[in-house]
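In: Based on what follows, work out the 3D shape:
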Amino acid sequence: MFKRNNQYKSSLEYEPLLPEESAFDSRNEKAMVIFMVIALLICGIGIVFSITFLSYIFFSGPVINLD
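Out: So this is what the prediction gives:
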């Protein structure tokens, strides 16, 4: 009754990419993982230093002696 519109191919009809055309080959994936690990380390060190610095500022202010 209704004709199928073949303007858009389904994802199964496309040919898979060749290895040299793929966006993530093994070198790019290793470099991406190394970059992510370094970025996470830098962010973690920054968070730890910011927490310690802020706690130093807030909890070591002038102490009021009530004698």
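
In: now whichever strand or helix holds Cys43: mean pLDDT?
Out: In the assignment (DSSP states H and E), Cys43 maps to helix 26-59. For helix 26-59, mean pLDDT rounds to 89.

In: which helices and strands does that helix pack with?
Out: Packing contacts for helix 26-59, counted by 3 or more Cβ pairs under 8 Å, 6 or more residues apart in numbering; DSSP states H and E, involve no helix or strand. For every residue, glycine as well, the C-beta is placed using N, CA and C.

In: For Asn28, see how far away Val48 is.
Out: Note on Val48: its distance to Asn28, by Cβ to Cβ, to the nearest Å, is 30 Å.

In: no wait, Ile47
Out: From Ile47 to Asn28 the distance is 28 Å (Cβ to Cβ).

In: Report how many residues lie close to Ser55.
Out: 10 (other Cβ atoms under 10 Å).

In: Distance of it relative to Ile34?
Out: For Ser55 relative to Ile34 (Cβ to Cβ), the value is 32 Å.

In: Likewise for Ile47?
Out: 21 Å.

In: Ile51 too?
Out: Applying Cβ to Cβ to Ile51 and Ile34 gives a distance of 26 Å.

In: Check Ile57 too.
Out: Distance from Ile57 to Ile34, by Cβ to Cβ: 35 Å.

In: same thing with Cys43?
Out: Noted for Cys43: a distance of 15 Å to Ile34, by Cβ to Cβ.

In: count of neighbours near Ile51?
Out: Residues within reach of Ile51, counting by other Cβ under 10 Å, total 10.

In: What of Leu54?
Out: Residues near Leu54, counting by other Cβ under 10 Å: 10.

In: Kindly report the same for the one 4 residues further on.
Out: As a burial measure, Phe58 scores 8 neighbours (other Cβ under 10 Å).

In: ok, now Ala31?
Out: 10.

In: how far away is it from Ile38?
Out: Distance of Ala31 to Ile38, computed by Cβ to Cβ: 11 Å.

In: Okay then, goodbye and thanks.
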